[in-house]
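Participant: 3D model of this:
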Amino acid sequence: MEPTQATSPAWKEITSSASWAQPEDFWDTIKRWVLAPFYKQIHKIVILSAKLVLVKKSSAVGENTNIVEDNLFVAEELPDLSLWELERKAALDPSTVSAHFIITRRLYPKDYTRKIEMEDRVTMDLFKHRAEFAPCFPDPAKPDASWLPHYYVQALGFAMQLSLFHAVDYTAEPHREEAAGELTDKGTPLPKKDDDVPTASSGRSSSPPRPTGRMTFECILFSDPKYQSLPKLVRIGNVNLKTMEKWCKQYRAGGYVKRVHHDVVVSRDAYTAQYRKLKEKYMYWVEQWEETTDPQKFVYEDVGIAAFLLAMWESEREQLIKQFPDKYNSDYRQSFVDLGCGNGFLVYLLVSEGYRGQGIDIQKRKIWDKFPANVRNVEEPIHPETAKYEGVDWILANHSDELTPWVPFIAARTNARFWVLPCCEWNFDKRFTAKRKNLSRYLTYLEYVKEIATACGYKVEVEPMRIPSTRNVSIVGRTRTIDVNNPADLETITRNQEELLKKARFTTFQPRARDQKSHDAQCSACDESHESHEVEDDSEAPEAATHSDVDQAEPSSKRQKLE
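Facilitator: Sure, this is the predicted structure:
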């Protein structure tokens with residue numbers, strides 16, 4: 001597809017706003033927009049092709065034909081590619097007439113059962129600071145509006161363009177500086193005159209720097225009036241322009257730094273494959289839930305956790321088979337104990353998928369009786385000072401409350417790996433009340449549990465779980481940092497544990513009484529009272545608006561949070 005010219009009468013300006021962006025800000029933001037799945041309903045984006053198209057003056061005297069040069073790029077090169085440097089290089093070449101960077105993408109939706117994947121083409125006019133997004137219809141000659149998924153902007157194409165008030169100096173070196181101003185009109189059009197631009201609400205009496213240009217959002221509308229929803233497109237455009245300006249400001253301030261990193265232990269694709277499989281097999285439990293707790297939360301949460309564990313164990317099994325082919329084969333399945341198993345649904349999922357294990361809790365739940373006979377959940381108190389589970393590969397603890405700080409102790413004593421998802425803050429025999437400067441109590445507690453795991457001889461890994469819970473940060477101990485066959489190393493771990501107990505002023509552990517508030521209800525209440533900003537998630541990064549986001553055709557729910 002040839003680059004579409006911005007002057008084409010098919011393009012219609014939907015909305016615009018004042019902008020403080022520079023070309024390097026704009027292109028860095030567009031690249032983020034193109035490469036990362038910031039649309040709410042998109043699972044991932046795969047780059048199919050990328051090329052730079054330069055149109056140059058003919059070298060032959062008297063000829064005015066153009067020569068097109070295609071420079072192909074692989075997907076791995078794109079994250080480090082500077083579109084601004086491509087623009088500068090092309091602009092400083094007097095023979096270059098125009099420069100376009102063209103990317104073809106495949107978009108995979110999160111709700112794969114109801115929505116189709118699709119491809120689109122992104123054409124970036126480097127000299128005009130314009131990016132055009134065009135869906136690839138099955139029949140390009142007859143684009144069908146009803147085919148276009150609702151997670152995409154409902155138009156034949158949409159574009160964002162930065163029009164500067166000044167000429168670009170390509171000889172100057174680009175630089176980043178502190179952000180100059182905020183977007184103050186919330187995406188609504190501002191007057192063209194610089195003097196009419198309102199002051200940003202920054203709390204200072206002085207006016208912010210004047211805008212450097214204007215950002216516009218344009219669309220090619222469908223010919224059928226039924227699919228021309230201008231009010232929705234205006235709202236989408238306003239949100240997109242506000243997001244663009246925010247990201248440009250982040251670039252000027254030094255660049256966006258992601259503070260929460262998913263997919264550290266398990267790849268996103270591996271997790272998604274397991275999650276989709278489990279969701280199809282076990283979601284009927286939402287209708288059969290007999291506990292008083294919310295099935296939307298607990299079923300989807302345990303399915304998400306099980307998907308993570310299965311993906312992690314599958315990867316671990318492949319490594320074990322490679323390292324010890326005489327000991328392990330494809331039939332090997334890890335064993336586990338789930339401490340404080342609560343409703344036992346996680347145990348049921350893992351056992352149903354062929355893994356060996358059991359759950360232990362101080363109090364039996366009604367739903368235990370509905371599980372098959374091979375699902376073993378045991379009602380008994382746990383004494384963490386001495387607990388040891390011979391032959392078990394993994395110690396699991398999901399919102400295990402007062403058992404949480406003991407999990408690394410028990411895992412080290414068992415010589416097992418562990419996974420723990422802390423919730424309510426507990427020390428070894430009392431509530432955890434410490435709070436570090438600039439950290440919430442919950443984040444302080446996460447650091448404390450990580451220190452305990454390190455002291456017990458584990459390499460600590462942290463994975464924010466994709467579950468409908470604000471307290472979603474799990475801590476994984478897969479690798480020992482000591483030689484378990486070396487008595488000196490074991491003695492060091494014993495001393496470390498004694499020091500931890502002494503520092504915590506530990507006296508004696510008292511198991512929770514059976515008639516106390518149940519673990520499930522306690523964690524639910526704790527989850528609801530917890531401020532979500534304490535766990536900095538992907539929501540910290542602004543998301544682009546799509547047609548269905550603005551329309552709210554699909555109501556939000558805990559299920560959508562997980563998906």
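Participant: excluding sequence neighbours, find me the nearest residue to residue 402.
Facilitator: Using CB to CB, 6 or more residues apart in numbering and skipping the chain neighbours, the partner closest in space to residue 402 is residue 426 (4.3 Å). For the C-beta atoms, the positions are set from N, CA and C on the backbone; glycine is no exception.
Participant: got the buried residues for stretch 479-489?
Facilitator: Residues of stretch 479-489 classed as buried: residue 480 (neighbour count, 16 or more other CB atoms under 10 Å).
Participant: poorly predicted segments of the stretch 201-350 of the chain, please.
Facilitator: In the predicted model, the stretch 201-350 of the chain carries pLDDT under 70 at residues 201-208, 255-260.
Participant: strands along the stretch 301-450 of the chain, start to end?
Facilitator: Here the stretch 301-450 of the chain has its strands, by DSSP state E, counting those that start in this stretch, at 335-339, 356-361, 376-379, 394-398, 417-421.
Participant: got a list of contacts for the shortest one?
Facilitator: Applying CB atoms under 8 Å, 6 or more residues apart in numbering, the external contacts of strand 376-379 come out as 341, 344, 347, 351, 357-365, 368, 371.
Participant: partners of that strand in the sheet?
Facilitator: Strand 376-379 has its sheet partners listed here by DSSP bridges as strand 356-361 (parallel).
Participant: mind saving the C-alpha coords of the partner strand as PDB?
Facilitator: Taking C-alpha atoms only, strand 356-361 is exported to PDB below (Å, rounded to 0.1, in the frame of the first residue of the first chain):
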ATOM      1  CA  ARG A 356       0.600 -34.700  42.500                       C
ATOM      2  CA  GLY A 357      -0.200 -32.700  45.600                       C
ATOM      3  CA  GLN A 358      -2.500 -31.800  48.500                       C
ATOM      4  CA  GLY A 359      -3.900 -28.800  50.300                       C
ATOM      5  CA  ILE A 360      -3.800 -28.200  54.000                       C
ATOM      6  CA  ASP A 361      -6.000 -25.800  55.900                       C
END
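Participant: ok, back up a step: mind giving me the ChimeraX command for buried ones among the contacts of strand 376-379?
Facilitator: Command for ChimeraX, covering only those of the contacts of strand 376-379 found buried under the criterion 16+ other CB under 10 Å:
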select :341,344,347,351,357,358,359,360,361,362,363,365,368,371
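Participant: one step back: which residues does the residue nearest to residue 402 bridge with?
Facilitator: With beta bridges defined as DSSP bridges, residue 426 has these partners: residue 431.
Participant: give the contact list for it.
Facilitator: Listed by CB under 8 Å, 6+ apart, the contact set of residue 426 reads 401, 402, 403, 404, 405, 432.
Participant: rewinding a little: the strands of the stretch 301-450 of the chain into JSON lines, with extra columns for distance to residue 42?
Facilitator: Formatted as JSON lines, these follow (distance: least, CB to CB, whole Å):
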{"stretch": "strand 335-339", "distance to residue 42": "34"}
{"stretch": "strand 356-361", "distance to residue 42": "35"}
{"stretch": "strand 376-379", "distance to residue 42": "38"}
{"stretch": "strand 394-398", "distance to residue 42": "29"}
{"stretch": "strand 417-421", "distance to residue 42": "27"}
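Participant: how many neighbours does residue 168 have?
Facilitator: 16 (other CB atoms under 10 Å).
Participant: again, but for residue 287
Facilitator: 8.
Participant: now do it against residue 296, distance only.
Facilitator: Between residue 287 and residue 296 the distance is 11 Å, computed by CB to CB, to the nearest Å.
Participant: go on, residue 468?
Facilitator: For residue 468, the distance to residue 296 equals 7 Å [CB to CB].
Participant: so between those two, which is more surrounded?
Facilitator: residue 468 (22 against 16).
Participant: would you mind giving the secondary structure of the more buried one?
Facilitator: With DSSP: H, G, I helix; E, B strand; the rest coil as the basis, residue 468 sits in coil.
Participant: repeat for residue 454
Facilitator: Secondary structure, three-state DSSP: residue 454 is helix.
Participant: beta partners of the spatially closest residue to it that is not a sequence neighbour?
Facilitator: Sequence neighbours aside, residue 460 is the residue nearest to residue 454 in space, at 5.7 Å (criterion: CB to CB, 6+ apart). Per DSSP bridges, the residues bridged to residue 460 are residue 477.
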